[in-house]
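Q: Turn this into a model:
(2 chains)
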2 protein chains.
Amino acid sequence: MSDSVELESFDNLIAASLSGSKLEEFNRIYYGRKDHHFLNIKKSNIEFATRYNFEIAAYDFPARREETRSPHIVKIGIIQHSIAVSTDKPITEQRQGIFNKIRNIIATAADEGVNIVCLQEAWSMPFAFCTREKQPWCEFAESAIDGPSNQFLRELAAKYNMVIISPILERDECHGDTIWNTAVVIDEFGKIIGKHRKNHIPRVGDFNESTYYFEGNTGHPVFETKFGKIAINICYGRHHPLNWLMFGINGAEIVFNPSATVAGLSEHLWAVESRNAAIANSYFTCAINRVGTEKFPNEFTSGDGKPAHKDFGHFYGSSYVTAPDGCRTPGLSRNKDGLLIAQIDLNQCRQIKDKWGFTMTQRLDLYADSLRKAVQPDYECQLIKKT
Amino acid sequence: MSDSVELESFDNLIAASLSGSKLEEFNRIYYGRKDHHFLNIKKSNIEFATRYNFEIAAYDFPARREETRSPHIVKIGIIQHSIAVSTDKPITEQRQGIFNKIRNIIATAADEGVNIVCLQEAWSMPFAFCTREKQPWCEFAESAIDGPSNQFLRELAAKYNMVIISPILERDECHGDTIWNTAVVIDEFGKIIGKHRKNHIPRVGDFNESTYYFEGNTGHPVFETKFGKIAINICYGRHHPLNWLMFGINGAEIVFNPSATVAGLSEHLWAVESRNAAIANSYFTCAINRVGTEKFPNEFTSGDGKPAHKDFGHFYGSSYVTAPDGCRTPGLSRNKDGLLIAQIDLNQCRQIKDKWGFTMTQRLDLYADSLRKAVQPDYECQLIKKT
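A: Modelled structure (predicted):
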């Protein structure tokens, strides 16, 4: 599935081309800090990652010590991966191939002391919505409670005392067999804390997702886990600042953005949107994108007048973490499975709220009133015309 | 006022360090397009800019040709500048020094065919709010109609058939002599179309602005000018996605963000926030920051436990323009006066709305309802606790 012509990493391109004070200035302005605060990774895990062909990187985001609160240190792990076998293989074989590589990566995360893991959007299947075919792809949809993907992850969560966020294609058998794009939160005993359904569904390019599922009906839940208050903004929801905002209002300290997006469409937006959300809402964000090019058995068109084809471009990975102060990690590679670990102190959230004051100055009452008016059919824009 | 130790330009650092396919890949991923679409600048204007020590750069943002709408091409110019004489000089002398350099830059913009010019926040004065002194700085406040700054600009607007946005410190003599942070829109005949007052006021670091003026009371006006529908999000308002959103709802095609911000505080956020707003709202944004270090007569403290001092850091310029598709120009320099020209086709706004569908998928009714609830004193967060 790998694309040898693809650039391996935006971040490594810079690190290999600049040095000394130039690299420091680039890092200060681009990432927000001169050095990346690398965390040590066990030698055995580096070797393991090399053997199983995934990248591993770890960074530290400390906070100021406080007198009246202890540090609230959490290790989060985000995972990006390609599919494992070709898309014409039986569904169970495709899924099992992904399970096999995820098992290795989660074991590594656990050995590094990771507390919360989040996987990419629709992690246990190819991103087949580009085909507009209902079969066989709808067969990947599964119960949020005891479908194969969550059975697999619930065991690992309990085994490793870890919270795992599992973004899947959900089949809701209790409500007309409907399909949803859903993130399920599994606690450290392997129990389901709850789930959230993608709020904003794309109709752009090959992302024909509204053909398969509807806008989510779960509001903006924040899940209080053993390790912190977390929320999930699924993929296209990252383009909507109001979606990010409501997770912040509901108390999120970390918001994960499991995604699937391709280079031709969004790569220049990738470093902007989830980072902006971390800044605007004084919480940590984790942007996760799949990797590789996925080829499908039957050709399809993309609504752009071009000839039919069997893939829809390169998923460019580049997963990264941003802190409330706007500092961010380098991204994982553009074409390889990877585990990015961030050790974060959740105390930074409130410290940054106190420093920048965005929650104090955001005038929510003004906007509640403005939006109430703006959604009326007879709303008149506040337009000042020249006399 | 210049700081010889300061990096001259983030963008030039990259352009000088990378080449060939590496530079193209950097440009594609970072700026959104492989080449910058430079526009020609007249030789006479390049020479003039060299003589008067300001930078000049120009870029093109074309849109797709449509069958039923003509292109809507506009040339916008954004100006960044340092103060002209030291802050202990008489107020009229300080202001006149700035007028002299702005006259040159606007004349150049006019000669390049610019239709709309926007200046930086509080453009005709030093950014003295760090001092917390009321005198003499409040004397810079002036009438939005016929104060010296707007008298000066109204003449230039009429002379050059140009819309000019003038962000000033406003004195409202009709309402208790109150002071406001205000952007005034002057039409191409030199008449005032209207004004907008800064909606969000910072209380961060040396930005003690709430000591001087209050949150704006002008809503989110969009000004329909001869050249397009424009709005102004002043400085700190760029941290608030809802502020950007309301200008979009009211129909803005270009939103200017006249600012004053320093390197130690915000430089790693600068490339993120106004660019995110352009993406989320499918309009053009223009981020404008002053340049140089401003020293004040009396020492002041910064609320950070450090000793008193007479300046509050380096205004890093780096003004830039982003298109609705998320592509952006390189920034102007970090330490020099500058004029950045962008030739834009406003048709791109609707083309991008049709492509990405953010206005269709944003579910404003959901958020109007969510915010209405969230501002109630007894609001309970949507928090899912583990059982």
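Q: May I ask which helix or strand encompasses A:Asn276?
A: Following DSSP states H and E, one finds A:Asn276 within helix A:263-281.
Q: ah, wrong one, I meant A:Asn199
A: Using DSSP H and E, no helix or strand contains A:Asn199.
Q: Average pLDDT for the helix or strand following the helix holding A:Asn276, rounded please.
A: Per DSSP H and E, the first helix or strand lying C-terminal to helix A:263-281 is strand A:284-289. The average pLDDT for strand A:284-289 rounds to 98.
Q: how far off helix A:263-281 does strand A:284-289 point, in degrees?
A: With axes from the mean of the first three to the mean of the last three Cα atoms, to 10 degrees applied, the angle from strand A:284-289 to helix A:263-281 works out at 170 degrees.
Q: ok, back up a step: may I have the helix holding A:Asn276 exported as PDB, CA atoms only?
A: Included here for helix A:263-281 are C-alpha records, laid out as PDB according to Å, rounded to 0.1, in the frame of the first residue of the first chain:
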ATOM      1  CA  ALA A 263      -3.400  14.900   0.100                       C
ATOM      2  CA  GLY A 264      -5.000  16.500  -3.000                       C
ATOM      3  CA  LEU A 265      -7.900  17.800  -0.900                       C
ATOM      4  CA  SER A 266      -6.800  19.000   2.500                       C
ATOM      5  CA  GLU A 267      -3.100  18.700   3.200                       C
ATOM      6  CA  HIS A 268      -2.500  22.500   3.500                       C
ATOM      7  CA  LEU A 269      -5.400  22.700   6.000                       C
ATOM      8  CA  TRP A 270      -4.200  19.900   8.200                       C
ATOM      9  CA  ALA A 271      -1.800  21.800  10.300                       C
ATOM     10  CA  VAL A 272      -4.200  24.700  10.800                       C
ATOM     11  CA  GLU A 273      -7.600  23.500  11.900                       C
ATOM     12  CA  SER A 274      -7.200  21.200  14.900                       C
ATOM     13  CA  ARG A 275      -4.400  23.500  16.100                       C
ATOM     14  CA  ASN A 276      -6.600  26.500  15.900                       C
ATOM     15  CA  ALA A 277      -9.200  24.600  18.000                       C
ATOM     16  CA  ALA A 278      -6.600  23.900  20.700                       C
ATOM     17  CA  ILE A 279      -5.800  27.600  20.800                       C
ATOM     18  CA  ALA A 280      -9.300  28.900  20.800                       C
ATOM     19  CA  ASN A 281     -10.600  26.400  23.400                       C
END
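Q: Quickly check: stretch A:301-314 near chain B or not.
A: No. Judged by Cβ under 8 Å from any Cβ of the partner chain, stretch A:301-314 stays clear of chain B, getting no closer than 10.2 Å. Backbone N, C-alpha and C define where each C-beta goes, glycine included.
Q: Now the residue in the stretch 1-150 of chain A that chain B sits nearest to: which helix or strand?
A: Taking Cβ to the nearest Cβ as the measure, the stretch 1-150 of chain A has A:Gly32 as its residue closest to chain B, at 3.6 Å. In the assignment (DSSP H and E), A:Gly32 maps to no helix and no strand.
Q: if I pick the closest residue to chain B within the stretch 51-200 of chain A, what's in contact with it?
A: For the stretch 51-200 of chain A, the residue closest to chain B is A:Gly194, as judged by Cβ to the nearest Cβ, at 4.3 Å. Residues near A:Gly194 by Cβ atoms under 8 Å, 6 or more residues apart in numbering or on different chains: A:Val184, A:Val185, A:Pro221, A:Phe223, B:Ile384.
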